[in-house]
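Colleague: mind folding the following:
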Amino acid sequence: MGKDKKRPNRNPQSHVLDKQTFMYYDNVAKVINGELEFDSDASKASCLNAVLKSISEEGLKVSQDKTVSVIVERVLEFANHQQLRAILNNFSQDWELGCCDRSASYVLQSLLLCVNKYLGDEEADGPGDETKSCGTLVIEFSDFLKSKIAFFMQHFAASHVIRVLFEVLAGCQVSENIVRSKASLQKELKKIKLQRPPLRYLEKLHELFSCIINLPKLADHVHNNLSNPILQTIVLCLGSLDSAVSVDLFRQLLSNAEIFPAAPENGLSENLKHEIGSRLVEQLLMTAPEKIYKKIWRKHFKGRLVDIAKDPVANFVLQKLIIHARNDEQLEEMLTELSSELESILELNHFGVVVALTESSIRHKATQPGLIKSLRVAFHCDDPPERQCKLIPLLMTLTTYEVFYRMNDPDKTNESSHSDGSDSESSEEKIDEGILAPKVTSVNYHGSLMIQNLLRFSNNRPIISSVFELKPVELKDVCCDSCGSYIIEAFLNTAKEKSLGMLYNKLKGFYFDLACNKCGSRTFDALWKCATLEQKCTIAKELAKHESRLKGNRFGKFIYHKCSIGHLKQRPDNWKQNLENMEKALRKHKLPDSENEKTKKKQKVMHN
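Modeller: Coordinates of the predicted model:
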């Protein structure tokens, strides 16, 4: 006990390369990095061709070394069709070793991705050439995997190779769309633009899918952290192919994998609550054709949304269900079922469910008024009507009206009565008698997302009027907050000219504070970009009063140069003229498109 045992060698065939071979590939790395100079590009190309020839003879062997495998992957980027084919042929000598070796499997994945663009080229090398074509080798590899597919699906290295093969045969890269753990999301994925191969490769892909979907114990793979991403890749590829065969395989997967087994009484099905299994359910909801989505919603979710929303794992599945609602009617039914329990869902810190409702309502406009009312009820600011304008401060802090305004805290009331004379002015700021009016000083991340979505509603006047309930100091603090700055950007992109003018007026006297703050300077950039000529003049004059401090601040110095404050102080008239010229130039840059549209319309009228 105490000390961990040594991990057994997963690959008994792996070995350490001799020093001479290792030094050779170390020099190859220097060639790629440009550390070694060549007389000409031709001599460098000749050197790389010699390296590729060497890899075509001993690629599988050297790829088993952790360091050399990375170098081989980089060299593959310089390979042409014939060289890739020769290297793939070398790997075909032992497909299993190529799949199951920790280092060689990465090289095989890169090799398959590079080969994709040549699958449409069925050209043979002519009689007497023993090297098989890339297409023949890929199909041969597919047949090999099919023979031991259940084993390879749960292998730490081979499972990744299978996923890459699916992408190559489908002609689409879907790795970045797979629902994974946070640790896995941090890893950078190699992005290569894949081409759709000829029909015979798609038929081979469907064969592989069918082989996996008809495995005897497919349900066990749903909960496995290695084979679950393979099933997700199948779902994503089927969604991209969009054919009758794909829809049929989709239905078979739902049935054979027992995605929605019979739920126990007063409980949820196991896959919804399982940390790994729920990822496949999320993927199905995001990718399923409309008819299948509708069936899943009606049969497995409707009437159970509140229980799902309160589960620590299943609520993430619910978020995907809501975001991918296909029509207004479905989202209205979801909102009706959840609206009475929004407060209890928020108390559990399952904020993502409410964020999903606001996001989905942007597309489904019929639900927007009902959702705003439900949010007011949840935050206790719907009744009396005077409270309705307080929604935004409550969303920013994710607290109810009573909590935010300390209506149930007798200690705060006592503190206000015993405060000294210096606090007498602030104590006069009250909402009701004996209740202090607190200020928003920071913004909650999920609250920020909700407000950004609400601002994008077709009728966002109630939201905009609620934003203006914030005092100027609060607006300044929101602008300087890492989450609040995004709210101001969303406001600038959605509000009308009159509301924008009110925002700029409210922030008067605080532009210097914004310019000298890390997040505030970012908000300042957005404000400057959207400001009119008159507003820019007002802002610049305010900044000019603090020229030396602005210039010496690590954030403010960029604003100082952006707004040309030095030029304004020395030659104000010339500064304004330059600003006017810049505005005219920007307008002219946008005019040609509109003018072209007008001329096109005139031509159509004349033609008719």
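
Colleague: neighbours of residue 46, just the number please.
Modeller: 11 (other C-beta atoms under 10 Å). In this view, the C-beta of every residue, glycine as well, is placed from N, C-alpha and C.

Colleague: gap between it and residue 40?
Modeller: Distance of residue 46 to residue 40, given as C-beta to C-beta, to the nearest Å: 9 Å.

Colleague: and what of residue 582?
Modeller: Counting by C-beta to C-beta, the gap from residue 582 to residue 40 is 47 Å.

Colleague: cool, and residue 472?
Modeller: Residue 472 sits 66 Å away from residue 40, going by C-beta to C-beta.

Colleague: so for these two, which sits in the more crowded spot?
Modeller: Taking neighbours as other C-beta under 10 Å, residue 472 and residue 40 compare with residue 472 leading, 13 against 8.

Colleague: isn't that one right up against residue 511?
Modeller: No. Using C-beta atoms under 8 Å as the test, residue 472 is too far from residue 511 to be in contact (11.5 Å).

Colleague: what touches both of the two?
Modeller: Common contacts of residue 472 and residue 511 (C-beta atoms under 8 Å, 6 or more residues apart in numbering): none found.

Colleague: give me the mean pLDDT for the one helix or strand residue 396 maps to.
Modeller: Using DSSP states H and E, residue 396 sits within helix 391-397. For helix 391-397, mean pLDDT is 97.

Colleague: C-terminal to that helix, what's the next element?
Modeller: Helix 391-397 is succeeded, C-terminally, by helix 401-404 (DSSP H and E).

Colleague: tell me the contacts of the closest residue in space to residue 449 that isn't next to it in sequence?
Modeller: Leaving aside its sequence neighbours, residue 449 sits nearest to residue 355 (C-beta to C-beta, 6 or more residues apart in numbering; 4.8 Å). Residues in contact with residue 355 (C-beta under 8 Å, 6+ apart) are 319, 446, 449, 450, 453.

Colleague: repeat that for 10 Å
Modeller: Residues counted as contacts of residue 355 (C-beta atoms under 10 Å, 6 or more residues apart in numbering) are 319, 322, 323, 445, 446, 447, 448, 449, 450, 452, 453.

Colleague: any idea which element the fifth one lies in?
Modeller: To tie it back to what came earlier, the one meant is residue 446. helix 445-455.

Colleague: in that helix, what's buried?
Modeller: Neighbour counts over helix 445-455 (16 or more other C-beta atoms under 10 Å) mark 446, 447, 448, 449, 450, 451, 452, 453, 454, 455 as buried.

Colleague: check stretch 323-342 too.
Modeller: Those would be 323-326, 330-335, 337-339, 341-342, for stretch 323-342 by 16+ other C-beta under 10 Å.

Colleague: and the two most separated of those?
Modeller: For those, the maximum inter-member distance is 23.3 Å, found between 326 and 341 (C-beta to C-beta).

Colleague: isn't residue 273 up against residue 267?
Modeller: Yes. Using C-beta atoms under 10 Å, residue 273 makes contact with residue 267 at a distance of 8.7 Å.

Colleague: who's more crowded, those two?
Modeller: residue 273 (17 against 12).

Colleague: and stretch 261-276, which residues are buried?
Modeller: Per 16+ other C-beta under 10 Å, stretch 261-276 contains these buried residues: 263, 268, 269, 270, 271, 272, 273, 274, 276.

Colleague: would JSON lines of these with pLDDT be doable?
Modeller: JSON lines is the format used below for the buried residues of stretch 261-276 (pLDDT from 0 to 100):
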{"residue": "263", "pLDDT": "68"}
{"residue": "268", "pLDDT": "87"}
{"residue": "269", "pLDDT": "88"}
{"residue": "270", "pLDDT": "91"}
{"residue": "271", "pLDDT": "93"}
{"residue": "272", "pLDDT": "94"}
{"residue": "273", "pLDDT": "94"}
{"residue": "274", "pLDDT": "94"}
{"residue": "276", "pLDDT": "95"}
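
Colleague: just the ones of the residues you listed in helices?
Modeller: Applying DSSP state H to these, the entries found in helices are 270, 271, 272, 273.

Colleague: ok, now which ones touch the third one?
Modeller: Applying C-beta under 10 Å, 6+ apart, we find residue 272 in contact with 259-260, 263, 278, 281-282, 300-301, 304, 307-308, 311, 313-318.

Colleague: just the ones of those in strands?
Modeller: Using DSSP state E to define strands, no part of the contacts of residue 272 is located there.

Colleague: out of those residues, which are inside helices?
Modeller: Within these, residues falling in helices by DSSP H are 278, 281, 282, 307, 308, 314, 315, 316, 317, 318.
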